[in-house]
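K.L.:
Sequence plus the predicted model coming up.
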Amino acid sequence: MIIGPVRRDTLIDFFDDLARSTGDFLVHDDGFRTRTFTYTDVSRGARGFAARLAAAGVVKGDKVVFFSENRPEWIIAFWGCLLSGVVVVPIDYRSSPDFLARVARIVSAKVVLTGLEVPPLHDTAGAGIWRLPDLEWPDGPAPATPIVKDDVAEIIFTSGATAEPKGVIITHRNVLANIVPVEHEVLKYRRYARPFAPIRFLNLLPLSHMFGQAMATFIPPMLPGVVLFMRGYNPGEIVDQIKKRRVSVLVSVPKILDVLKEHVVRLHPAAAVEMPSLGSGGGAMGVLKRTARRWWQHRAIHRTFGYKFWAFIVGAAPLDPALETFWFHTGLTVIQGYGLTETAPIVTLNHPFASKRGSVGKAIAGVEVKIADDGEILVRGENVTTGYFNAADETARAFADGWFHTGDIGEVSADGQVFIRGRKKEVIVTPEGLN
């Protein structure tokens, strides 16, 4: 069991905790078979992968591109790179091979890690191709590599149809500024979760997305919890996985909540009928009573998902307020936040036990948010990137006055709740979270 809070100098401190944890960590159901990896398996594999990198001449500061669907080997290789000081360059597995080749060329990648659900690659800018499902790594210690807080952990590229891809530099310091405040909150409530342990997360966010990474790599070990990966996005199969594997939390883009709503309404038409307001006030006990009443009114839905399921965690795209209200009325919790790749990624987050509908929550500890005269959301804190890879001009424009200019329009209420009102520029974010 992880004991904390403890010193967090680099992400390797989190790995050390992970390595001391016991029980199952990652479960992968690819539609044909299910494989389970314990915390011990992952830590041993990560050290072995670090040794494999060293044997191949991949050293601290070199770049490795990840081009794969969600799978446990992704997490193992990720930690292996961090242990080695090797920079992770994750790319959404739905991206084109041409985009991958452009990124590999920009960063001078040494290796490209591929999964099963990606197209064949013919141009990797000279990088070697290692298939994650086929990898074997020695069982032994990782080479000793000194890691400091300002070492680069990742470079995450945004796609562009015409412009050259833009790489966001993410350091250990940036990620720590995001996950340490979350850890402090988790530690406050972890003892209450023990009767429901293990907390299982079904993670449908791509690991190439920083929020998907956090919800599969850093946050579950704090409990410790179990992370499930599955293939496909069929709503019936998602519900089956949640019920069969006794999942507590679904991590996804808002589009998944939409298709699940349609699925639930087909099974239970009464769910489409708007329920009368249950009032407000009454403090924590009042909230508990109202939640219990909503749960009882929609107990058929809870039977469908299984009685252990209680929350959606949503990221990567805006959430329709009407969709949030629908699930709220069923007695399920919807937790959303706001962030960008440049903020590693969290800026604000709704507290699971004090969320406010329509809001993306309050700024997490250590992060400052203010609204510019034109309504743009500005952010400052150690979570904010140091800049863009080999793009000094882009970096200077984004941080012209010491604040990161998000390009989003928003408001901050008197109690610190942040509300997103739109985009400053004509940028479209699809329901799948793609720009």
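P.N.:
Yep, it's here.
K.L.:
On the pLDDT front, check V429 for me.
P.N.:
Here, the pLDDT recorded for V429 equals 58.
K.L.:
Just the buried residues of the helix ranked longest in the chain, please?
P.N.:
Taking DSSP state H as the criterion, the chain has its longest helix at helix 172-193. For helix 172-193, a neighbour-count test (16 or more other C-beta atoms under 10 Å) marks 172-183, 185-186, 190 as buried. Backbone N, C-alpha and C define where each C-beta goes, glycine included.
K.L.:
That helix packs against which elements?
P.N.:
Packing partners of helix 172-193 (3 or more C-beta pairs under 8 Å, 6 or more residues apart in numbering; DSSP states H and E): strand 152-158, strand 346-349.
K.L.:
Looking at the ones you listed, which one is packed in the most?
P.N.:
strand 346-349 (a mean of 26; mean count of other C-beta atoms under 10 Å).
K.L.:
Quick check: next helix or strand after it?
P.N.:
As assigned by DSSP states H and E, the chain's next helix or strand after strand 346-349 is strand 362-363.
K.L.:
pLDDT on that next one, on average?
P.N.:
94.
K.L.:
hmm, who's touching it?
P.N.:
The contact list for strand 362-363 (C-beta atoms under 8 Å, 6 or more residues apart in numbering) reads V347, T348, L349, H351, V369, D415, G416, Q417, V418.
K.L.:
any idea which helix or strand comes after the longest helix of the chain?
P.N.:
Counting by DSSP H and E, what follows helix 172-193 is strand 200-203.
K.L.:
so what does that following strand touch, helix or strand wise?
P.N.:
On a contact count with 3+ C-beta pairs under 8 Å, 6+ apart, strand 200-203 meets strand 226-230, helix 235-244, strand 249-252.
K.L.:
picking up where we left off before, so how far is the longest helix of the chain from its chain's centroid?
P.N.:
14 Å (C-alpha atoms, centre = their mean, to the nearest Å).
K.L.:
picking that back up, quick one: which of the buried residues of helix 172-193 is nearest G410?
P.N.:
N178 (19.2 Å; C-beta to C-beta).
K.L.:
Pretty sure that closest one sits against A344.
P.N.:
Yes: between N178 and A344 there is a contact under C-beta atoms under 8 Å: 4.9 Å.
K.L.:
any common contacting residues for the two?
P.N.:
Counting by C-beta under 8 Å, 6+ apart, the residues touching both N178 and A344 are N383.
K.L.:
Counting by contacts, list what the helix or strand harbouring L100 packs against.
P.N.:
Per DSSP H and E, L100 falls inside helix 97-107. With contacts taken as 3+ C-beta pairs under 8 Å, 6+ apart, helix 97-107 sits against strand 63-67, strand 87-90, strand 152-158, strand 166-171.
K.L.:
Residues contacting the longest one, please?
P.N.:
Okay, so that is strand 152-158. 11, 61, 63, 82, 87-91, 103, 106-107, 165-172, 174-175, 208, 210, 341, 389, 435.
K.L.:
relative orientation of that strand and strand 63-67 in degrees?
P.N.:
50 degrees (axes from the mean of the first three to the mean of the last three C-alpha atoms, to 10 degrees).
K.L.:
Which SSE is immediately downstream of the lowest-mean-pLDDT helix or strand in the chain?
P.N.:
Ranked by mean pLDDT, DSSP states H and E, the weakest helix or strand in the chain is helix 283-297, scoring a mean of 67. Using DSSP H and E, the helix or strand that follows helix 283-297 in sequence is helix 299-305.
K.L.:
distance of A127 from V334?
P.N.:
40 Å (C-beta to C-beta, to the nearest Å).
K.L.:
hmm, back to that, closest one to I76 out of the buried residues of helix 172-193, please.
P.N.:
Distances from I76 to the buried residues of helix 172-193, taken by C-beta to C-beta, are shortest for V175, at 18.0 Å.
K.L.:
if I pick the residue nearest to N174 when sequence neighbours are not counted, what's in contact with it?
P.N.:
Leaving out its chain neighbours, the residue that sits closest to N174 by C-beta to C-beta, 6 or more residues apart in numbering is A344, at 4.0 Å. A344 makes contacts with I170, N174, V175, A177, N178, M210, N383, V384, T385, as judged by C-beta under 8 Å, 6+ apart.
K.L.:
could you redo the last one with a cut-off of 10 Å?
P.N.:
Contacts for A344 (C-beta atoms under 10 Å, 6 or more residues apart in numbering) come out as 153-154, 156, 168, 170-171, 173-179, 210-211, 213-214, 381-385.
K.L.:
Are we agreed that F328 is in a helix?
P.N.:
Yes: looking at F328 with DSSP: H, G, I helix; E, B strand; the rest coil, it is inside a helix.
K.L.:
Would you confirm that it contacts L319?
P.N.:
No: using C-beta atoms under 10 Å, F328 is not in contact with L319; the gap is 11.4 Å.
K.L.:
elements contacting the longest strand anywhere in the chain?
P.N.:
When the chain is scanned for its longest strand (criterion: DSSP state E), the result is strand 404-412. Packing partners of strand 404-412 (3 or more C-beta pairs under 10 Å, 6 or more residues apart in numbering; DSSP states H and E): strand 333-339, strand 346-349, strand 367-371, strand 376-381, helix 392-398, strand 418-423.
K.L.:
starting at the chain centroid, how far to that strand?
P.N.:
21 Å.
K.L.:
Each with direction, which strands does it pair with?
P.N.:
strand 376-381 (antiparallel), strand 418-423 (antiparallel) (DSSP bridges).
K.L.:
Counting neighbours, which bits of that strand end up buried?
P.N.:
For strand 404-412, by 16+ other C-beta under 10 Å, it's F404, H405, T406, D408, I409, G410, V412.
K.L.:
which other residues reach it?
P.N.:
Applying C-beta under 10 Å, 6+ apart, the set of residues contacting strand 404-412 is 318, 338-340, 342-343, 347-348, 359-360, 362-363, 369-372, 374-381, 383-385, 397-399, 417-425, 427.
K.L.:
With just CA atoms, put that strand into CSV.
P.N.:
Taking C-alpha atoms only, strand 404-412 is exported to CSV below (Å, rounded to 0.1, in the frame of the first residue of the first chain):
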residue,chain,number,x,y,z
PHE,A,404,-0.2,31.3,-21.1
HIS,A,405,-2.9,32.4,-23.6
THR,A,406,-5.4,29.5,-23.9
GLY,A,407,-7.4,30.8,-26.8
ASP,A,408,-10.6,29.9,-24.9
ILE,A,409,-13.2,32.4,-23.7
GLY,A,410,-14.6,32.0,-20.2
GLU,A,411,-15.8,33.4,-16.9
VAL,A,412,-14.8,32.9,-13.3
